[in-house]
Each structure stands twice: as structure tokens, then as C-alpha cells.
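>>> generate coordinates for the sequence data below:
(one chain, ligands or ions: 1)
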Amino acid sequence: METTPIDDQPTASVPDETAEELYETAPCGYVTTSLDGRILKVNRTMSEWLGYEQGELTGGVRLLELLTVGGRMFYETHLSPMLRVGGAVNEIALDMIRKDGGVLPTLVNARQTRSVVDQPILNRLTIFNASERRMYERELLAARNLLRTTLVSIGDAVIAIDVEGRINFMNPVADELSGWKNNAGVGRPIEEVLVSVREETGARIANPIGEAIRSGVIGGLAEHTVLISKDGRRIAVDDSASPIKDESGAVVGGVLILRDISARREVERQLEETHDQIRRRADELRRSNEDLSQFAHVASHDLRSPLSTITRYVQLLDRTYGNDLGEGRELLEYVSDAAKRMSSLIDDLLEYAHVSAEGIHSSAPVDPNVQLQTVLDNLQDAISASGAIVTHDVLPEVLIDPTSLVQLLQNLIGNAIHYRSADPPRIHITATDQNRRVLFCCRDNGIGIAPEYQAQIFEPFKRLHGSDRPGSGIGLAVCKKIAERYNGRIWVESEVNHGSAFFLTLPKA
Ligand code: ADP
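Take a look at the predicted model:
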């Protein structure tokens, strides 16, 4: 026999069930009561849910006795009168009590059966077990409460809107920030409640939530946005706007998170102000250094010309009347020496002013070993005349203009030779690596410096010695200026008659 494809399908065999079996084992409870509520019949499902034998329930128990106190009140005030009047009730929630005392939450549908002469005879109830549903409801409620508590206690303002742009939720921070207290903003268009302007121009800015809803993409406000609250406060804010999508991905609204950043903006403003001040001070300093350099040039030029006149006429006097002057000739020599000394002071003054005005020329790494060699060559005469021995460690590279480094080393080594004791000078240069700096040390066995003068000697024209050790007192002041220009330091540790150690820090390459 030919078979149709449908015959090939496996068919589920339904066992024969009697109406009675269906009644007893149905997935819902069936209860029949008399009009006064006495249980006349109950199916097995219901009795099992309640933990009773069926016979225990049909022996005169009233349905009311199986209800919680709240259930009983509801039965008497709602279910029973509605049944009497309308003949039926649907989906009434009633809590029943199990035999073990536990509560069975249920949903009840009830019908009144009537006789042919339309007289009520019985009540029939279909009862659904709502335990699981109640559990889900509780979980849903807990999740909703958690969400609500989170949104209420969060430090940022949270505002939710629908697709039309009307606000449907504002947390307390949003109320406070916007000035629309007690949820007064809910139900209003977002543009009415949140007015944002650009900090610099005061121009109105469209709320980014509109764009987030249109585009379906997270967005934010431009920088430096100020919110103008309902009560006129201006609050610097930062924000993020996100679309809210349903399971199918369709945008159903948006959520806006606003943060008050007034404190941060204030700090930024103060920082900008401080930067401006520093810039202004640096400009002033540069200008005054330029002025000083200018002044030094002009002054040295103006001083030099009368000085050379003095020198010229002293020489003329000496040549013309020298022989007639007798002891007066010695006085002429004093004048000539003083003029020479003044000329050298002018040179030093110029050098000092020049260092002050110079910028940092180079930040390329410089090898101090090379510069040191140049210094030793420059000082060759003084070294051999004094019998000095200059030794040094290997010196690491530093970031400094090479000419300045020569000036530094030459002043320190030159002084170590110049201020020597009766012994031939022994000078040793070391350098220690110190994180981002190099610490140089120039140690000698010279006459040493008393503690009370150790800070003074770095000031211009400060000298501890007279004509026995000629000098202008400008060398260490120049060294200090150079060190400070590179954010370094210079100082001395010394004891009279026990030599000196000059320390100097410079930026490491
Ligand atoms: P100058 O050497 O022209 O006097 P400086 O500024 O180089 O000027 O030195 C200032 C003073 O510091 C010197 O007059 C001297 O008294 C003292 N001084 C500098 N270096 C040493 C040293 N190595 N030992 C002892 N005294 C020193």
C-alpha cells in the first residue's frame, strides 16, 4: 500500500484517560463548595498542594478555614459578595494555609452553578498555584528596588527620557542640580528642564540626549558646558547620553548622566591663572635681564672712555714730567694701577651681566672629560708655576652648554690653584650619579674657608682676600648663576687650613 509522507511521521499515542482521572490529576486545583462555603469535593492536586488527604477536607471543612487572615477578609469582602451578585470571579489572589502551617499563594477563578429555576446551588472554584509566580514577583520587586536605590543613592544626576524627549525619571541629584525639586521635572520636555550653555560664549547648547536617541549612539556634551539651573545657578557639568534600547534593539528612550565638575573647573582655572602668572614673571625676568645686560654694555662703554683718557694722560705726564716728579712718580703709578684694576672690574661686571642674560644654549649631551681637558690647557701656565697636580674620575655626560661647563670648571680649578696653601696644590674632580642629576666635586688642599663666609663667597664681588691674592670676586657668582640656570646648585664644604670641596649639581644627559 502506498503511504503518504504524513503517515511516516511518528504519532504521539494518547493514553485513554477517564474524566475522573483528568479531574483528579489536572495541573490546577478544583474545589466545589456549598453556598455557605463548606467543601463538598476537592481534587487530588488541590489536596496534595495543601498536604491533606482528600477525605479530611470534605468532612465538613469550610473553605474559609483554609485561608490566611488576610485571605479570609478578602474572601468575605470581595469573593463571596461578587460571586453572589455576579455569579463569577476571575483571578482573585488568595493565600491559603497548608496543613503544615505554610502559606500557599493561589489565584482563584470561581463560578456559581445555578438550577433550572435559576437558583444558586454550588460554588465551583479553579485554583492555580501561584508560589512560583509569587517568587518571580518578589525577585522582580527586589531587582526594581535595587535599581531604584542605586539610582537614588548614586552621586551623579540620572535623568531618563522617552522617545518624545519627555522626562520620565529624575533621581534626587538630578532634582538638586537642575533646581526642579521634588521630581517637578518629570513629564516635562528635557530642553525645558536642562538648559546648557557654552562657558566661554554663553551660547545655548542642544542637549546631547536628542542626538543619542536619533543616532542610537552614546554621546556627550562639548567641553566647558555650564548648566543653568531653574533657580539661576551656573554649574559646570560633564555628561554622557545613552540611548535605551528594547530587546529588538529599537530605541525606546534615553538616559542622561550629569556630573557637577565645578570644583574641578575651579582648580583648572586656578592652575591656568598660576601658569599665566609664572609666564608673566618669566617674561618680566627676561626683560629685566635684557635691561641689565644692556645697562652693563652701556655702562662699561661709558666708563671705559674716561678710564682710557686717565691712562693716556698718566702715561703722557710720566713721559713728559716723569723725571721732575721725584716721589710724585710713585703716586702716578698708583693712579695707573687703579685704572688697570677698574678696567678689569668692568670686564668682570660685563661677564656677570652676560651670564645673567643668556638663555640656555644647548640641551645636547656634553662630555665633561673633554671640557676638563680644555680647562687644563687654558690653565697650563698656572698649573706648572704652582706645581699643581689635577686628577679626576671618569665624568658622566651632562646637559649643559659646553662654554658654561668650561667657565664652571675653570673658575673652580683656577681658585683651587690660586688659594693654595704652602704645599703644592692637589686637586681632584669626582662626579656621582644622582638619579636625574650629576653631583660634581672639586676638592683641593688649599687654605680653606671659615664657615661664616661659605655662603657669602657666591655673591658678586665678595672676596676674603686682599691684594695678596688678586681677584675681582666675580668667579663664584658666575658659577652660581650658571648652576641656577640649569636648575642646579653650588656650595662649599671647607675648614680653614684643611682645604675646600666645592659641590655642583647639573642635569644628567
Ligand atoms: P675671586 O677669586 O676673583 O676673588 P671668586 O668669586 O672666584 O672671586 O671667589 C670669591 C672668594 O672665595 C675668593 O676671594 C676667595 O676668598 C674665596 N675662595 C674661592 N675659592 C676658594 C678656594 N678654593 N679656597 C679658598 N678660598 C676660596
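>>> other SSEs contacting whichever helix in the chain runs longest?
Counting residues, the longest helix found in the chain (DSSP state H) is helix 262-325. Judged by 3 or more C-beta pairs under 8 Å, 6 or more residues apart in numbering; DSSP states H and E, the packing partners of helix 262-325 are strand 234-245, helix 328-357. Bear in mind the C-beta positions are built from the backbone N, C-alpha and C, glycine included.
>>> right, so these: which one is the most enclosed?
Between those, strand 234-245 has the highest mean count of neighbours, a mean of 18, where neighbours are mean count of other C-beta atoms under 10 Å.
>>> which elements pack onto that strand?
Checking 3+ C-beta pairs under 8 Å, 6+ apart, strand 234-245 ends up next to helix 208-215, strand 225-228, strand 251-260, helix 262-325.
>>> which one, of those, ends up nearest to the ligand?
The ligand sits nearest to helix 262-325 of all the helices and strands packed on strand 234-245, at 17.5 Å, using C-beta to the nearest ligand atom.
>>> now do that closest one against helix 328-357, angle only.
Counting by axes from the mean of the first three to the mean of the last three C-alpha atoms, to 10 degrees, helix 262-325 lies at 160 degrees to helix 328-357.
>>> quick one: residue 161 from residue 206, how far?
Counting by C-beta to C-beta, to the nearest Å, the separation of residue 161 from residue 206 is 14 Å.
>>> who touches residue 398 in this structure?
Residues in contact with residue 398 (C-beta atoms under 8 Å, 6 or more residues apart in numbering) are 365-366, 368, 405, 438, 506-509.
>>> low-confidence ranges in the chain?
Residue ranges of the chain with pLDDT under 70: 1-15, 221-222, 356-363.
>>> can you count the residues close to the residue in the stretch 51-200 of the chain that the ligand sits nearest to?
The nearest approach of the stretch 51-200 of the chain to the ligand comes at residue 200, 53.2 Å away (C-beta to the nearest ligand atom). Counted with other C-beta atoms under 10 Å, the neighbours of residue 200 add up to 8.
>>> I'd guessed it sits against residue 223; true?
No. Between residue 200 and residue 223 there is no contact under C-beta atoms under 8 Å: 10.0 Å.
>>> out of the contacts of residue 398, who's nearest the ligand?
Using C-beta to the nearest ligand atom, the contacts of residue 398 come closest to the ligand at residue 405, 16.6 Å.
>>> how about the helices of the stretch 101-250 of the chain, start to end?
Using DSSP state H, counting those that start in this stretch, the helices of the stretch 101-250 of the chain run over 131-153, 172-178, 190-193, 208-215.
>>> what residues are up against the residue of the stretch 251-400 of the chain found nearest the ligand?
With C-beta to the nearest ligand atom, the shortest gap between the stretch 251-400 of the chain and the ligand falls at residue 348, namely 7.7 Å. By C-beta under 8 Å, 6+ apart, the contact list for residue 348 reads 472, 474.
>>> what's the domain layout of the protein?
Following the assignment in automatic domain parsing, the chain carries domains at 19-130, 154-260, 267-357, 365-507.
>>> center of this structure - which residue?
The centre of the chain sits closest to residue 264, judged by C-alpha atoms, centre = their mean, with a distance of 9.5 Å.
>>> so it versus residue 178, what's the distance?
Separation of residue 264 from residue 178 (C-beta to C-beta) stands at 20 Å.
>>> can you check residue 338 too?
Taken as C-beta to C-beta, the span from residue 338 to residue 178 is 83 Å.
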